[in-house]
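Peer 1: sequence? don't have it. structure:
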């Protein structure tokens with residue numbers, strides 16, 4: 001997908017942030033759409049169908065966490081990449097962000113060049129998605145990489161993009177022991193700076209959403225994770 005075809009939705013109640021971030025990303029050739037609160041973000045996301053949403057947490061009318069959770073429930077936006085861009089750097093805020101369905105969590109202040117680099121890293125997966133058509137069948141579980149679906153006993157399990165990619169990675173290499181560095185590189189991209197806790201949060205969410213029995217099924221056929 002070419003840059004001119006990629007649409008990015010910026011959501012922040014501070015006009016300065018929208019202008020600065022929007023300017024730097026538009027200079028890269030991306031289409032930029034803006035919103036100033038969570039409710040407007042949901043409306044704009046439904047209308048514009050962006051590939052990436054960059055959203056603040058603390059906003060009037062509806063905060064970023066609630067907006068993220070609502071966007072994740074919209075079928076046509078199930079594969080949109082969502083990252084928070086916020087001044088809140090506490091661990092519990094980052095955990096809450098991932099729990100809400102975010103793919104990444106970026107803290108302010110951040111230099112424009114670094115933000116652009118992070119955006120490029122987040123969007124790199126769009127290129128691989130265009131060629132992804134493999135379906136894995138492991139222990140009675142069907143994992144469809146093209147449609148981002150997991151089917152177990154006829155029941156579909158819906159996961160946010162990052163959780164799906166992590167699960168797909170673990171299920172794609174029988175007998176392989178994955179190290180943190182490799183997971184961060186393959187799932188988050190080596191340009192994105194995240195901590196090891198990020199993996200722990202996503203593993204915990206996987207266990208909760210797909211069930212301990214399903215997770216044990218994957219591990220039981222030779223999948224291991226070095227955490």
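Peer 2: Yes, it's here. Model, not experiment: these values are computed from the prediction.

Peer 1: what's next to stretch 88-107, contact-wise?
Peer 2: Here stretch 88-107 makes contact (Cβ atoms under 8 Å, 6 or more residues apart in numbering) with 54, 57-58, 64-66, 68-69, 71-72, 81-87, 115, 118, 122, 160-162, 188, 192, 194, 197-198, 201-202, 205. (C-beta placed from N, C-alpha, C; glycine too.)

Peer 1: distance between that stretch and the chain's centre?
Peer 2: Taking Cα atoms, centre = their mean, to the nearest Å, one finds stretch 88-107 lying 11 Å from the centre of the chain it belongs to.

Peer 1: buried residues in that stretch?
Peer 2: Buried positions in stretch 88-107, judged by neighbour count with 16 or more other Cβ atoms under 10 Å: 88, 93-106.

Peer 1: make sure residue 13 is indeed in a strand.
Peer 2: No. Counting by DSSP: H, G, I helix; E, B strand; the rest coil, one finds residue 13 to be coil, located in no strand.

Peer 1: give me the phi and psi for it.
Peer 2: phi -90, psi 0 (degrees, to the nearest 10).

Peer 1: what's the nearest residue to it if we skip its chain neighbours?
Peer 2: residue 59 (4.6 Å; Cβ to Cβ, 6 or more residues apart in numbering).

Peer 1: thinking again about what came up before, need the buried ones from the contacts of stretch 88-107 selected in PyMOL.
Peer 2: For the buried members of the contacts of stretch 88-107, the matching PyMOL selection, counting by 16+ other Cβ under 10 Å, is:
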select buried, resi 54+57+64+65+66+68+71+72+81+82+83+84+85+86+115+118+122+160+161+162+188+192+194+198+201+202+205
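
Peer 1: mind checking which of the contacts of stretch 88-107 land in helices?
Peer 2: 64-66, 68-69, 71, 115, 118, 122, 161-162, 197-198, 201-202, 205 (DSSP state H).

Peer 1: least confident pick among these?
Peer 2: Across those, the smallest pLDDT goes to residue 197, namely 74.

Peer 1: nearest residue to that residue other than its sequence neighbours?
Peer 2: Nearest non-adjacent residue to residue 197 (Cβ to Cβ, 6+ apart): residue 91, at 7.0 Å.

Peer 1: check what pLDDT the one you found gets.
Peer 2: Value for residue 91, per-residue pLDDT: 83.

Peer 1: go on, residue 32?
Peer 2: On the pLDDT scale, residue 32 gets 97.

Peer 1: helix, strand, or coil at it?
Peer 2: strand.

Peer 1: how near is it to residue 108?
Peer 2: 18 Å (Cβ to Cβ, to the nearest Å).

Peer 1: cool, residue 141 as well?
Peer 2: Distance from residue 141 to residue 108, by Cβ to Cβ: 40 Å.

Peer 1: which of these two has more neighbours?
Peer 2: Ranked by neighbour count (other Cβ atoms under 10 Å), residue 141 and residue 108 place residue 141 first, with 19 against 14.

Peer 1: ok, the nearest residue to that one once chain neighbours are set aside to residue 206 distance?
Peer 2: The spatially closest residue to residue 141, leaving aside those adjacent along the chain, is residue 152, at 5.2 Å (Cβ to Cβ, 6+ apart). Per Cβ to Cβ, residue 152 is found 13 Å from residue 206.

Peer 1: ok, now residue 41?
Peer 2: For residue 41, the distance to residue 206 (Cβ to Cβ) stands at 26 Å.
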